[in-house]
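Visitor: here is a sequence with its predicted model. Questions after.
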There are 2 protein chains.
Amino acid sequence: MSKIYTVAVVGATGVVGREMIDLLQELNFPVGRLVPLASARSAGATVLFKGENIDVQVLNEDSFKGVDFALFSAGGSVSKEFAPIAAKSGAVAIDNTSYFRMHPEVPLVVPEVNANAIASHKGIIANPNCSTAQMVMALKPIYDLAGIERVVVSTYQSVSGAGKAGIDELEKQARLSLNGGDFVAQKFPHTIAFNLIPQIDDFLPNGYTKEEIKMIEETKKILGDPTIQVTATTVRVPVFVGHSESINIQTKRKVSAAEVREALRKMPGVIVMDDPPNSVYPTPRETAGKNEVFVGRIREDLSIPNGIELWCVADNLRKGAALNAIQIAQALIA
Amino acid sequence: MSKIYTVAVVGATGVVGREMIDLLQELNFPVGRLVPLASARSAGATVLFKGENIDVQVLNEDSFKGVDFALFSAGGSVSKEFAPIAAKSGAVAIDNTSYFRMHPEVPLVVPEVNANAIASHKGIIANPNCSTAQMVMALKPIYDLAGIERVVVSTYQSVSGAGKAGIDELEKQARLSLNGGDFVAQKFPHTIAFNLIPQIDDFLPNGYTKEEIKMIEETKKILGDPTIQVTATTVRVPVFVGHSESINIQTKRKVSAAEVREALRKMPGVIVMDDPPNSVYPTPRETAGKNEVFVGRIREDLSIPNGIELWCVADNLRKGAALNAIQIAQALIA
């Protein structure tokens, strides 16, 4: 008989938490017992898992007794306090928040890219930022093929990256906007319906947002190469699910678009959708709900000798969050 | 008494044509007689100008008799045939289509940037692509300040760039989408409501779209420097009016964000909106209907020694089309 595991999901009633629970079932993860955890605000809630309604428990210091894997997605402050407690209780904490990502003793892992980093964990493993996770999936085969000098990325990020409140705000504003009604931005700093907001997370004194700095620093850590230069502009767009990225890559060695396409086709978890004459390239609407990272518009940059342009789309709740966390757990039991 | 002019608008019933007529009035252009022209499909239509309904006339070879300025925005094939006829009739044709833009004998003009190019015209002057026009407005002060080596731009372009059919399609799809209805993409190659389409215009064999190549070539022509290297990714977004651009600029000489901000503040037609701690930066919704080009998120690129990142938004129907065409006419009579 194969082993089964007790899996806790912290933030079980959130958008990512629910996706984690769905994926544990969809991916047939060997769950013996599911422990959905949330704050007192979710008291009385249940989650559906394998046809059964399971009561959500209020997170506390004793929540992790007997837990093998604790998947955290309830905000940085919750992870800060409870991931060490989970680890001390003997669980492996897989943390979807940014809190531990750059900690030198915490591996930051995208299994297809740097599964080897998992072994060094001390009870906590970090899941990267959603925008970073999909980007490194596209960068890794190119890095192995030709080296990477510099990356210039501009993102087009969906509202689900801001949780259920983000989804609700887009839907509400879009309805009111189409019907000529008035509304005030609440979740986002400006109107998001039929608009763009070039700000995700807070600003730093250097003019970048924290989201942009995450993409810069996490990319270097996951690819294990601090010499890769990255700059990012992150923008919220009126899309419900799916983050898109326009990525410009300056490689060390000249490579053709055909070589890059071939390398990406061989990358596990990546699907190349790239047939321009037939308007085939990924769009967020078509890739929402899918587990893979989709890449298209692969072409040689006309502005430098060693450049590649591409367009990368993935479901931010899946590869960008819940899926990657569960893949880390899968790698641990493999 | 100051001089008055006969102004023809070719494509008078289109989104840009109507904007041209509104702006002739708003900017108090000295119009003696307005001649709205369109194809036979618009027979019977009228346009409102200074409180008067004026009959739209069917465009033909005799339409330009006595016309001083002929503003074209009815598609490349119409300009190809009729702009030379207008010029031969003694009018100056100001063409908003791409047909003549790269013709070596046709000036391509953004008045704040290269008004000096106007003098060489031989009856036809080209108006740049909407995305190019706003970008060169942001680039020019930086070019003058520090020189430009390379530009990497990703666009976020509104549906009004595809005319009334584009606006109608977004509105219709958004309503159906919110109410769970079915629909088929017609104007755009994919669904645009709550989605992104990384394709504007047709693809070329090198994998770029024509829209992207326009941005590359027109930028060099307007700035008068073929050594500037440009690469572009152009993306349609579910916004009604206003194009946005994430622009990465590698300058020849190191400049600070403060110097760039100061140079942009002095540029006529540009408004700097750049106060990150207060979430002040331009968004398309807030800048639609305005004549200026708005720039924010100005910061020093962390990935190279001489780099500047910025975010540029403008009303694509105004500076990107109708306004710029009328500014060219204003420069001609100045």
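Guide: Sure thing, it's come through. Numbers count the residues shown, from 1 in each chain, chains lettered A, B, ... in the order given.
Visitor: please make it C-alpha for all contacts and neighbour counts, starting now.
Guide: Noted.
Visitor: just the helices in chain A please.
Guide: A:15-26, A:76-88, A:111-114, A:130-146, A:163-178, A:210-223, A:257-265, A:284-287, A:323-333 (DSSP state H).
Visitor: nearest to chain B, of these?
Guide: Set against chain B and scored by CA to the nearest CA, these come closest in helix A:284-287, at 5.6 Å.
Visitor: what about the closest one, near chain B?
Guide: Yes. For helix A:284-287 and chain B, the contact criterion (CA under 8 Å from any CA of the partner chain) is met by A:P284, A:R285.
Visitor: quick one: mean pLDDT over that helix.
Guide: Averaging pLDDT along helix A:284-287 yields 96.
Visitor: who's in contact with the closest residue to A:S256 other than its chain neighbours?
Guide: Once flanking residues are discounted, A:S256 sits nearest to A:E300: 6.5 Å by CA to CA, 6 or more residues apart in numbering or on different chains. A:E300 is in contact with A:S256, A:A257, A:N306, A:G307, A:I308, A:E309, B:N206, B:G207, counting by CA atoms under 8 Å, 6 or more residues apart in numbering or on different chains.
Visitor: buried subset of the residues you listed?
Guide: Among those, those classed as buried by 16 or more other CA atoms under 10 Å in any protein chain shown are A:A257, A:N306, A:G307, A:I308, A:E309, B:G207.
Visitor: so the last one sits against A:L302, correct?
Guide: What it means is B:G207. No. Using CA atoms under 8 Å as the test, B:G207 is too far from A:L302 to be in contact (10.4 Å).
Visitor: on that earlier part again, adding distance to A:F183, write the buried ones among the contacts of A:E300 out as TSV.
Guide: Below are the buried ones among the contacts of A:E300 laid out as TSV (distance: CA to CA, whole Å):
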residue	distance to A:F183
A:A257	46
A:N306	48
A:G307	44
A:I308	42
A:E309	39
B:G207	42
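Visitor: nearest to A:N60, of the contacts of A:E300?
Guide: A:E309 (47.4 Å; CA to CA).
Visitor: please report the distance of that closest one from chain B.
Guide: 8 Å (CA to the nearest CA, to the nearest Å).
Visitor: what sits against that residue?
Guide: A:E309 makes contact with A:S246, A:I247, A:N248, A:I249, A:R297, A:I298, A:R299, A:E300, A:D301 under the criterion CA under 8 Å, 6+ apart.
Visitor: among the residues you listed, name the ones in strands.
Guide: Judged by DSSP state E, strands contain the following of the contacts of A:E309: A:S246, A:I247, A:N248, A:I249, A:R297, A:I298, A:R299, A:E300.
Visitor: hmm, A:F64 is touching A:K88, no?
Guide: No. If you go by CA under 8 Å, A:F64 and A:K88 don't touch, sitting 9.1 Å apart.
Visitor: of the two, give the one with the bigger neighbour count.
Guide: A:F64 (26 against 16; other CA atoms under 10 Å in any protein chain shown).
Visitor: how far away is the more buried one from A:Q173?
Guide: Separation of A:F64 from A:Q173 (CA to CA, to the nearest Å): 40 Å.
Visitor: now swap in A:Y208 and tell me
Guide: 27 Å.
Visitor: more neighbours, the two?
Guide: Between A:Y208 and A:Q173, A:Y208 has the larger neighbour count (other CA under 10 Å), namely 26 against 20.
Visitor: look up the closest residue to that one, ignoring the ones flanking it.
Guide: B:R299 (7.3 Å).
Visitor: the one you found reaches B:I308, doesn't it?
Guide: Yes. At 5.8 Å, B:R299 and B:I308 qualify as touching, with contact defined as CA under 8 Å.
Visitor: shared neighbours, those two?
Guide: In contact with both B:R299 and B:I308: B:A257, using CA under 8 Å, 6+ apart.
Visitor: what does the domain assignment say about chain A?
Guide: Chain A breaks down into these domains under automatic domain parsing: A:5-127+A:321-333, A:132-315.
Visitor: reformat those as CSV; add distance to B:I200.
Guide: Conversion of these to CSV gives the following (distance: least, CA to CA, whole Å):
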stretch, distance to B:I200
domain A:5-127+A:321-333, 31
domain A:132-315, 10
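Visitor: wait, which of these is closest to B:L23?
Guide: domain A:132-315 (24.1 Å).
Visitor: may I have the distance across that closest one, first residue to last?
Guide: 12 Å.
Visitor: residue in the stretch 51-200 of chain A nearest to chain B?
Guide: Closest point on the stretch 51-200 of chain A to chain B, by CA to the nearest CA, is A:F194, at 4.3 Å.
Visitor: what does the stretch 151-300 of chain A have sitting close to chain B?
Guide: A:152, A:154, A:171, A:174-175, A:178, A:189, A:194-199, A:203, A:206-208, A:229-231, A:233, A:237-240, A:246, A:248, A:276-277, A:279, A:281, A:283-285, A:297-300.
Visitor: try 6 Å this time
Guide: A:F194, A:N195, A:L196, A:G207, A:Q229, A:V230, A:T231, A:P238, A:V239, A:T283, A:R285, A:R299 (CA under 6 Å from any CA of the partner chain).
Visitor: the nearest residue to the first one once chain neighbours are set aside: what's it in contact with?
Guide: In space, and not counting its chain neighbours, A:F194 is closest to B:V239: 4.3 Å by CA to CA, 6+ apart. Neighbour list for B:V239: A:F194, A:N195, B:S158 [criterion: CA atoms under 6 Å, 6 or more residues apart in numbering or on different chains].
Visitor: go through those residues and name the one nearest B:N116.
Guide: Out of those, the member with the shortest distance to B:N116 (by CA to CA) is B:S158, at 30.7 Å.
Visitor: so that closest one sits against B:V235, correct?
Guide: No. Using CA atoms under 6 Å, B:S158 is not in contact with B:V235; the gap is 8.9 Å.
Visitor: of the two, who's got more company?
Guide: B:S158 (26 against 22).
Visitor: could you check how far the spatially closest residue to that one that is not a sequence neighbour is from A:T287?
Guide: Distances taken as CA to CA, 6+ apart put B:V239 closest to B:S158, at 4.8 Å, once the chain neighbours are dropped. From B:V239 over to A:T287 the distance is 21 Å, taken as CA to CA.
Visitor: same thing with A:H243?
Guide: Taken as CA to CA, the span from A:H243 to A:T287 is 10 Å.
Visitor: any of the ones in strands among the contacts of A:E309 buried? List them.
Guide: Judged by 16+ other CA under 10 Å, buried ones among the ones in strands among the contacts of A:E309: A:S246, A:I247, A:N248, A:I249, A:R297, A:I298, A:R299, A:E300.
Visitor: once you drop chain neighbours, what's closest to the second one?
Guide: Excluding its sequence neighbours, the residue lying closest to A:I247 (CA to CA, 6+ apart) is A:V153, at 4.5 Å.
Visitor: show me what contacts A:G17?
Guide: Neighbours of A:G17 in contact, by CA under 6 Å, 6+ apart: A:G11.
Visitor: mind checking pLDDT for it?
Guide: The per-residue pLDDT reported for A:G17 equals 97.
Visitor: if we can go back for a sec, and the contacts of B:V239, which is closest to B:K164?
Guide: Nearest member of those to B:K164, counting by CA to CA, is B:S158, at 11.6 Å.
Visitor: which residues does that closest one contact?
Guide: Applying CA under 6 Å, 6+ apart, the residues contacting B:S158 are B:V237, B:V239, B:F240, B:V241, B:G242, B:H243.
Visitor: all good on my end, thank you.
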